[in-house]
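> Just a sequence and a predicted model for now, questions to come.
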Amino acid sequence: MSSPCHVPDITDLESSSVGEKEDQLAAEGLFGRGWLPPEERGKLISEPEAEEEALGWEVVATATSKCSRSSSFSESGSHLDKARSDGVPEDLIMGCLDSSCSRLFGPNEKSRCSGCGFFFCPRHLKGPWYVNYFGNGTPLLETHLPKPGQVFLCSSCHQRLPLGEKGFEPQHLALEVQMMKATVLKPEEEMLEGIPFPLVRSAARALLLRLLEQLRHGSRNWSEAEKEWVWSLAPELVEQDVGWLTQLFRQTQWTKEETTLCLDLLAKVHASLAGWEALQILSLLGRSAGPACKLLGAGGERKVGLAAVHAAEALKALNPTEITCCLELLLDTAQEFANSDCQGGCRAVLSALRHQTAQESMAARAFRNEYFWALETRVQALAHYRQRGIENHGSAPYAESWQSLAQQELLRNLPQEAELGLLRQHAWVRHMERGDYECCKHEPAWGEDRSFPLAVWPPYRTCAGLETAPRKAESKSAPLIVRCRYRDEPSRGKTKSGKVKLPERRKTSGVLLKKDPDMHKEQQVGQTLRLLEILIWKDPKLQELLNSEGLSFEDVRATYIIAMTGPNTAMLEFIDGARTLKYVRSGRLDGGSAPFGPKYFMTNGEKGTLKTFLRLNNNRDDFAKSLARLAFTSAISAVLSFVAGLGDRHHENFMVTVDGRLVHVDFGYALGKEPLDSMLIHFAVQGGRPATTIQYDELIEAVTDELMERIFWPVVCRAYLCVRKYPGLLVEMFYTAMLRTPRSALKGHWQQNASLWQEAQRFVARNCAAGMSEPSAERFIYSLLQHCTRMERGAQLRDELKGLRLGEKTTQAVSKAWTVAKTTSRNAAHEVIAVGPEAWQQLRQKASSAASTALEGTKRLFS
C-alpha cells in the first residue's frame, strides 16, 4: 500500500482571495451545512406529543427533535459525526473551537475536523491528506478515526494522528491498536522500545488514551467493542481512578459476572470514593437492585444491601446543603430499594440522611426542614394514589411504609424544641393551604412564644404568624404572597460591641405558596440549579475573583429555595427587594405594584433601565458593588439557564433585587421545553430560538464593557467548565426531574423509565459538551453566548406583546389551528391502511397546509 498523498496545508491557500478559497473548499465538500436562510430550513417545529401539550403551549425542543432548523436546538450530521462529537449538535457550535481563535462563524464557514467531529474555521484545520484506509479491523476506534478519503484535522487531533509526518504509516494503525489495547495503561517508554514503527504505535496509544478519557467523562452508552475493552481493563482503571467505578455501574448490563465484579470493586475502594461518585453509584444500584438480587441468587439481597452501605458511607463527605439539593434523588433511590424488597439498601440511604440531621450546624437545621417536607410529600402522594386505586410501589409491604417510618424517626431523634417547631410549621402551612387565614395570624393564634421555622427561610429565622392578609401575584401561575412576622436568633441581632440592637419597626418577611400540577418538576429543576451553583463557587479562581470584588456567596446567589408541601403544592423563598424586569423597564413613578418594602421613584422622562433602577436604590459606594453583583449573577444565570434548558424566559421571569442580583424564576418550562407562542415568535422574527436569553443590551448598558470583560465573560467560562465536570451527576438530577410530570404520575409516580433515562443522557451530552477539551469547551460557551446576544429580537418582541396584552387571543387562535392541523394528521394515520396510500398523501397535504397557514399568518402578524 502506498503512502498517503500529502496536499498543502489549508493555510497555504491564504495567498488566493477569500472568495476563491471558499469556493474551492466548498466545491470539495469541506464545509458543514452552516446557517440556512429561513425559507430553506424545512420543518420548523416538532410535533407536540399529545393534544393536551399543544393546548398547553408546550413544545419539546431537545436533542431528540428531528427538525433541521438553524437554531440552538437542532441536530445534524451523520451518526458517526454525532458519536465522534459526543452528542453536541452542529448548530450549538457558533465559533471556531481552537483556543487561540476568537472568530464566530458566518454563513457556510464551518469546517469539520475529521478526527473529533467538532467545527473550526479553515485557518485552524490542517490538511487535507488523502488516506485510503487505516488498516482492517478497528471496531474499537470506528467512530474516532477519520473516514477514508480527504482528511482535515485540528491541531489536537493532528498531535494524536500525525498524518503527513515521516515515518507514520496509517495502514499499520489498526494492527497496532489491536496489539496494545490490553497494555495501553503501561508507561509509554516500555511500549515504544524496540518496535519498527514507533510513530504509529505512539499514535495508537494516544488514540486509545483519548478514547478512555471520553468514556470516563462522557454520558453516552458504550458500543459493544468499547464495553469489551473497558471491562477487560476494569481493575486497573479503578485502581488508577476510583471514578471509573461509577461508569462501570452505569454501563453494566447486570450479568452475574459484571455485577459481581462491580460489587467486589466497590467493597475494595469505597473508602476512597468521592461523595458525588458514591451518590451516583447508590442511585444506579437502587434502580437495578431487583435484577442484581436475582442474579446473585441466595443472599443476593444481603450483598446488594452491603454494597449500598458502602456507597452510603461515602456520602458523609458531602455537607448538609449539598445533600439537601439531592434529597429527591436519594429518596427515589430508597424507594427503588424498597420496591425490590432490599430493605438493607433502603435503610442505608435513610441512615446517611439521618447522619446529616444529627449535626448541629445551621446547614443541618435547614436540611431537617426540607427533609421533613420531602417525606411528608411522599406520605401525601401515597395516600393520594391509594384513593385513586393506583398501584404505585409494587407488592413489597415495606415499600408502602418506609416514608412514614422515616418521618417519625426524624421527629423522634430531634430535640423536643426542634420537633415542636416542625409540627407547628406543618400545622401552619396546612391552615394556609386550606384558606384558614384567621388561624394563621400573628395575634391571637401564634406570636413570639409559638414561633416556628420555615423551610424556605434562613435557619436562624423563625415565623411568628401571618402579618397581613395574603394576596395573589400578578403572574398566571398566581402563587399566594404571604407576609409574616419573624424573629431572628439574638446572636444575629447583636452589634460589634455585643449589645443587642433593638429593631425600630416590626420585622416582616415574605413566603410564596404555589399550587401547580408541574410543581414537583419545577422544584427538582430548582434544586439542580442550587446544586450547580454550589459546585461553581467551589472553583478557586472564581472565589479569588469574588473576593477581589469584596463580595461573598450570599451577595451573588442567583437561585432560591423551593420546598414541596404536597404532591402539587409548594412554598417558595420570597426574594425581598426583588422586582421583575418588566417593572424595572416600566419606570413608573408610583412604585408600581410591588407588594412589600419601600417604593422606589424615578424622575419624569427617565428611562426604565437596570442601571437607573440600581442607581436610584443605592448610594454612590453601594452602586459600584451592585453593578458587580449584576455582572456576577447575570453570568451564573446565563450558564445555569443554558445547562438546564430553561424556556419561557420573558421579562416577568427575570427578577432584579435592589442590591443588583439577577435571578431567573419560574421553571415550569425547562429541560428544552418552550411555550408554542414563544417558538412561533422566535421563528417568525429571527428564524430560530436562541440557546438562552441574556437581556444583553440592558446588561451591557448597565455594567459597561469594563465589567463585562473583567467579571461577566470570565465567570461564564469558568462556571461552564465547573458544571461540565459532573455529566453523570447531571444525568441523575435531570432524570429525577423528568420523572416528575403529571403524565408520569398517572402511570405511577417516581417509577424508573428507560426512555426518559436515554433522553436525560442525550440532553446532558448536548449541553455539557463532555467530549471537548477544556480550552475548546471554553471557546464553545463563549461563542454560543455571543451568538445568543445577537438573537434577542424575538424575546424583545414577545415582551412588548405581553406588555400590550395583545398576545393572548392571537396565541390561542394559533394554538387551536395548530392542534386541529396536527390532530387531523395523527387521526388520519389510523386510517392509512383502510383508505390506501394515495388518500393518505392527500390527508397529509391537508394537515401540512393547515399548519403552514397558521405559521404564515403568525409571520405576517409579527413582521
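All right, it came through fine.
> tell me, what residue is most central in this structure?
With distances taken as C-alpha atoms, centre = their mean, the chain has A644 as the residue nearest its mean C-alpha position (2.9 Å).
> Just give me the neighbour total for the residue lying closest to that one once chain neighbours are set aside.
Nearest in space to A644, with sequence neighbours left out and distances taken as C-beta to C-beta, 6 or more residues apart in numbering, is A670 at 5.5 Å. (Glycine included, C-beta is placed from N, CA and C.) Residue crowding around A670 was assessed by other C-beta atoms under 10 Å; the count is 26.
> give the contact list for A670.
By C-beta atoms under 8 Å, 6 or more residues apart in numbering, the contact set of A670 is 521-522, 525, 644-647, 737.
> Using the three-state scheme, assign it.
Three-state call for A670 (DSSP: H, G, I helix; E, B strand; the rest coil): coil.
> Does the residue nearest to the centre of the chain touch L671 like I think?
Yes. Here A644 reaches L671: they are 6.8 Å apart, a contact under C-beta atoms under 8 Å.
> what sits in contact with each of the two?
With contacts taken as C-beta under 8 Å, 6+ apart, the residues that reach both A644 and L671 are 525, 734.
> For burial, what's the neighbour tally of E142?
Neighbour count of E142, defined by other C-beta under 10 Å: 13.
> Which pLDDT value belongs to it?
Among the per-residue scores, E142 holds a pLDDT of 77.
> just R487 next, same as before
Note for R487: predicted pLDDT of 90.
> coming back round to it: roughly how far does the residue nearest to A644 sit from T741?
From A670 over to T741 the distance is 11 Å, taken as C-beta to C-beta, to the nearest Å.
> Now the common contact residues for the two.
Common neighbours of A670 and T741 (C-beta under 8 Å, 6+ apart) are K521.
> can you map out the helices along the stretch 151-300 of the chain?
With DSSP state H, counting those that start in this stretch as the criterion, the stretch 151-300 of the chain has helices at 155-160, 173-180, 188-192, 198-217, 224-232, 234-240, 244-251, 256-269, 275-287, 289-296, 300-314.
> for the stretch 501-650 of the chain, same thing?
519-536, 540-548, 581-586, 610-616, 620-644.
> Quick check: mean pLDDT of the second one?
Right, the one you point to is helix 540-548. Per-residue pLDDT values across helix 540-548 average out to 96.
> Return that helix as PDB; C-alpha atoms alone will do.
This file holds the C-alpha atoms of helix 540-548, laid out as PDB (Å, rounded to 0.1, in the frame of the first residue of the first chain):
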ATOM      1  CA  PRO A 540     -10.700  28.600  43.400                       C
ATOM      2  CA  LYS A 541     -10.300  31.100  40.600                       C
ATOM      3  CA  LEU A 542     -14.000  32.200  40.900                       C
ATOM      4  CA  GLN A 543     -13.600  32.500  44.700                       C
ATOM      5  CA  GLU A 544     -10.500  34.700  44.100                       C
ATOM      6  CA  LEU A 545     -12.400  36.900  41.700                       C
ATOM      7  CA  LEU A 546     -15.300  37.200  44.100                       C
ATOM      8  CA  ASN A 547     -13.100  38.100  47.000                       C
ATOM      9  CA  SER A 548     -11.300  40.700  44.900                       C
END
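> Verify the contact between P148 and G135 for me.
No. Taking C-beta under 8 Å as the definition, P148 is not a contact partner of G135, at 11.0 Å.
> In terms of neighbours, single out the busier of the two.
More neighbours sit around G135 than around the other of P148 and G135, counting by other C-beta under 10 Å; the figures are 18 against 12.
> Need the pLDDT of the more buried one.
G135 is given a pLDDT of 71.
> Shouldn't it be within a strand?
No. Looking at G135 with three-state DSSP, it is coil, so not inside a strand.
> And the closest residue to it other than its chain neighbours, how close does it get to P198?
Spatial nearest neighbour of G135, excluding adjacent residues (C-beta to C-beta, 6+ apart): A174 at 2.8 Å. Distance check for A174 against P198: by C-beta to C-beta, it reads 17 Å.
> again, but for L411
With the distance defined as C-beta to C-beta, L411 ends up 69 Å from P198.
> Same question for A352.
Distance, A352 to P198, using C-beta to C-beta: 51 Å.
> Which residue of the two possesses the greater neighbour count?
Taking A352 and P198 together and counting by other C-beta under 10 Å, A352 has the greater number of neighbours (24 against 14).
> got the contact list for that one?
Applying C-beta under 8 Å, 6+ apart to A352 gives the contacts 312-313, 315-316, 323, 330.
> Which helix or which strand is home to it?
Counting by DSSP states H and E, the element that carries A352 is helix 343-357.
> Name the next helix or strand following that helix along the chain.
In the C-terminal direction from helix 343-357 (assignment by DSSP H and E), the next one is helix 362-388.
> got the buried residues for that following helix?
For helix 362-388, the neighbour count (16 or more other C-beta atoms under 10 Å) marks 364-378, 380-382, 384-385 as buried.
> Over to stretch 429-446?
For stretch 429-446, by 16+ other C-beta under 10 Å, it's 429-432, 437, 439-442, 445-446.
> out of the contacts of A670, which are buried?
Among these, those classed as buried by 16+ other C-beta under 10 Å are 521-522, 525, 644-647, 737.
> my guess is V238 meets Q247, correct?
No. The pair V238 / Q247 is not scored as a contact, 9.7 Å apart, by C-beta under 8 Å.
> if you compare the helices of the stretch 151-300 of the chain, which one is most tucked away?
helix 275-287 (a mean of 24; mean count of other C-beta atoms under 10 Å).
> Quick one: mean pLDDT for that one?
When the per-residue pLDDT values of helix 275-287 are averaged, the result is 95.
> Next, the angle from that helix to helix 519-536.
Here helix 275-287 points in a direction 150 degrees away from that of helix 519-536 (axes from the mean of the first three to the mean of the last three C-alpha atoms, to 10 degrees).
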